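Asks: fold the following for me, if possible:
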Amino acid sequence: MGAITLDLRPGLGIGPFTLGMSIRDAFAQIEHQPNIYDVVHVKYFDEEPLTLDIVINFPDHGFHIRFDPFSQRLRLIEVHELTQLQMRYATSLIGGPTVATFIAVYSLFGPTFPGIYDKDRGAYTLFYPGLSFAFPIPSQFANCFHDGEISADLPLEFPDGTTPVACRVSVYDNSSDSKVGVGSLMSKALAPPLPVDSLYMEEVHTKLGEELWFTIGGQHVPFGASPQDVWTELGRPCGIHQKQVDQMVIHSASDQHPRTTLCGDYFYNYFSRGIDILFHGQTHRIKKFVLHTNYPGHSDFNAYTKCNFVIYDFEGPIPVGAASKRCITPRTKWEQVKEILGDGGRAAIQTQGSMNNPFGPTFVYGYQNVAFEVMRNGYIATVTLFQS
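Replies: Numbers count the residues shown, from 1 in each chain. Coordinates of the predicted model:
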């Protein structure tokens with residue numbers, strides 16, 4: 001496949017990928033254009049998924065997009081093979097067949113302040129608002145620049161008459177006025193601030209055995225609420241499906257009539273909130289909530305937006321944004337959960353087989369009013385809330 005052409009929007013994004021978008025929205029764009037984005041690699045740190053970015057790489061097109069590992073929002077776009085991607089800015093093209101020389105970049109984007117030279121990487125970075133270009137500097141010309149300092153000279157042309165060609169383009173939010181480029185400068189890229197009324201990453205507080213409270217919208221959804229109550233509070237669900245027979249029912253001595261077909265219970269799926277709500281098939285009242293963390297390496301990854309839950313039953317209500325060490329959130333690892341709630345006993349192993357889930361089994365631990373599905377790296381995949 002030849003170089004594709006994507007619109008370059010400094011400080012905003014490139015092509016269909018907009019800074020601040022969720023990883024779920026990014027995959028929706030990819031799935032919408034399978035002929036273009038036919039080869040996609042997802043990279044993440046399996047052992048500590050909150051330590052490094054989640055990266056979606058497009059090897060055939062020479063760029064990748066980086067997501068903050070906790071919020072899962074797009075913070076940085078990097079074009080690392082400019083011959084494989086052509087970018088359209090206004091009515092002009094750069095990259096692909098149009099070589100991105102320093103002179104071509106400077107002519108297209110206009111004058112700007114002198115850039116920064118990184119001696120260790122041998123790269124000179126030129127900055128525009130929300131956009132930077134890195135140019136390799138041959139070692140024989142390194143003495144023309146000073147490491148880590150803003151150079152008064154622009155490398156339009158080297159003494160031998162050649163001009164540098166860009167090796168990397170970074171697109172980032174410039175609301176914080178940070179300079180983002182190669183090396184340590186890359187970490188300065190942050191996802192743009194969310195709108196004041198955005199529900200993304202809204203804290204969802206729950207007191208075990210009682211209710212969910214949505215801190216931005218102010219909705220309260222208690223156990224025992226009806227479907228009509230839920231529609232009124234949360235709006236129309238993204239999906240509704242009937243629950244299969246409960247596979248854990250065999251462990252309950254109180255169930256004398258195990259069923260092997262569909263049971264009458266049904267789910268409301270709020271994929272964009274990371275929540276499933278289970279209703280009793282006869283009473284039509286809420287009996288369970290399922291909260292999803294959307295960690296990579298789980299079979300449900302990208303089916304749900306992360307639910308930013310705060311579970312408390314230990315110190316009373318928690319102020320918004322001030323979860324204590326004794327609260328359980330998507331950041332909480334299993335060892336910390338045990339410190340808060342005590343030993344959960346032996347785990348039930350949950351697996352879908354290597355064909356359906358190549359990431360291996362998860363482990364389910366039950367407590368009064370709550371069950372945790374834990375991944376092999378010790379992070380929580382889902383939380384199921386119920387009334388004992």
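Asks: can you give me the helices in the stretch 151-300 of the chain?
Replies: 227-234 (DSSP state H, counting those that start in this stretch).
Asks: okay, strands next: where are they in it?
Replies: In the stretch 151-300 of the chain, the strands defined using DSSP state E, counting those that start in this stretch lie at 168-172, 203-207, 211-214, 220-222, 239-242, 266-270, 275-279, 286-292.
Asks: determine which stretch of those is the most buried.
Replies: Neighbour counts (mean count of other CB atoms under 10 Å) averaged over each of the strands of the stretch 151-300 of the chain peak at strand 168-172, with a mean of 26. For glycine as for every other residue, the C-beta is placed from the backbone atoms N, C-alpha and C.
Asks: helices and strands around it, which ones?
Replies: strand 74-79, strand 131-136 (3 or more CB pairs under 8 Å, 6 or more residues apart in numbering; DSSP states H and E).
Asks: could you save these as TSV and add columns showing mean pLDDT?
Replies: What follows is those, written out as TSV (pLDDT from 0 to 100):
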stretch	mean pLDDT
strand 74-79	96
strand 131-136	93
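Asks: I'd like to know which of these lies nearest to residue 6.
Replies: Of all these, it is strand 74-79 that lies closest to residue 6, at 9.2 Å by CB to CB.
Asks: now the angle from the closest one to strand 168-172?
Replies: Here strand 74-79 runs at an angle of 160 degrees relative to strand 168-172 (axes from the mean of the first three to the mean of the last three CA atoms, to 10 degrees).
Asks: strand 74-79 pairs with which strands, parallel or anti?
Replies: Applying DSSP bridges, strand 74-79 is found paired with strand 63-67 (antiparallel), strand 168-172 (antiparallel).
Asks: can I get the strands of the stretch 151-300 of the chain in CSV with distance to residue 337?
Replies: Shown next, in CSV, are the strands of the stretch 151-300 of the chain (distance: least, CB to CB, whole Å):
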stretch, distance to residue 337
strand 168-172, 36
strand 203-207, 14
strand 211-214, 19
strand 220-222, 23
strand 239-242, 29
strand 266-270, 24
strand 275-279, 20
strand 286-292, 14
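Asks: would you reformat the ones you listed as a markdown table and include mean pLDDT and distance to residue 127?
Replies: Below are these laid out as a markdown table (pLDDT from 0 to 100; distance: least, CB to CB, whole Å):
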| stretch | mean pLDDT | distance to residue 127 |
| --- | --- | --- |
| strand 168-172 | 95 | 9 |
| strand 203-207 | 93 | 35 |
| strand 211-214 | 95 | 40 |
| strand 220-222 | 96 | 47 |
| strand 239-242 | 92 | 45 |
| strand 266-270 | 96 | 41 |
| strand 275-279 | 97 | 41 |
| strand 286-292 | 97 | 39 |
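Asks: which SS class is the nearest residue to residue 204 once chain neighbours are set aside?
Replies: Among residues not flanking residue 204 along the chain, residue 309 sits closest, at 4.8 Å (CB to CB, 6 or more residues apart in numbering). Secondary structure, DSSP: H, G, I helix; E, B strand; the rest coil: residue 309 is strand.
Asks: can you give me the helices for the stretch 1-150 of the chain?
Replies: Going by DSSP H, counting those that start in this stretch, the stretch 1-150 of the chain shows helices at 23-32, 102-109.
Asks: could those go into CSV alongside mean neighbour count and mean pLDDT?
Replies: CSV is the format used below for the helices of the stretch 1-150 of the chain (neighbours: other CB atoms under 10 Å; pLDDT from 0 to 100):
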stretch, mean neighbour count, mean pLDDT
helix 23-32, 17, 96
helix 102-109, 17, 91
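Asks: between the strands of the stretch 151-300 of the chain, which gets nearest to residue 378?
Replies: For those, proximity to residue 378 was assessed by CB to CB; strand 286-292 is nearest, at 17.1 Å.
Asks: now do the closest one against strand 203-207, angle only.
Replies: 140 degrees.
Asks: any regions of the stretch 251-388 of the chain where pLDDT drops low?
Replies: Along the stretch 251-388 of the chain, the parts satisfying pLDDT under 70 run over 251-263, 313-325, 352-358.
Asks: one more time with 80
Replies: In the predicted model of the stretch 251-388 of the chain, residues 251-263, 313-326, 344, 351-359 satisfy pLDDT under 80.
Asks: chain neighbours aside, what residue packs nearest to residue 104?
Replies: Here the residue nearest residue 104, using CB to CB, 6+ apart, is residue 94, at 6.2 Å.
Asks: quick one on the thing from earlier: nearest to residue 192 among the strands of the stretch 151-300 of the chain would be which one?
Replies: Of all the strands of the stretch 151-300 of the chain, it is strand 168-172 that lies closest to residue 192, at 9.3 Å by CB to CB.
Asks: chain center to that closest one: distance?
Replies: Counting by CA atoms, centre = their mean, to the nearest Å, strand 168-172 is centred 19 Å from the centre of its parent chain.
Asks: relative to residue 178, how far out is the residue nearest to residue 104?
Replies: According to CB to CB, to the nearest Å, residue 94 stands 23 Å off from residue 178.
Asks: neighbour count for these two, which is higher?
Replies: Legend: neighbour count by other CB atoms under 10 Å for residue 94 and residue 178, higher for residue 94 (23 against 15).
Asks: need the pLDDT of that one.
Replies: If you check residue 94, the pLDDT there is 95.
Asks: residue 6 too?
Replies: At residue 6, the pLDDT recorded in the model is 97.
Asks: and what of residue 151?
Replies: pLDDT for residue 151: 50.
Asks: now render the strands paired with strand 74-79 as JSON lines, adding distance to residue 238.
Replies: Formatted as JSON lines, those follow (distance: least, CB to CB, whole Å):
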{"stretch": "strand 63-67", "distance to residue 238": "21"}
{"stretch": "strand 168-172", "distance to residue 238": "30"}
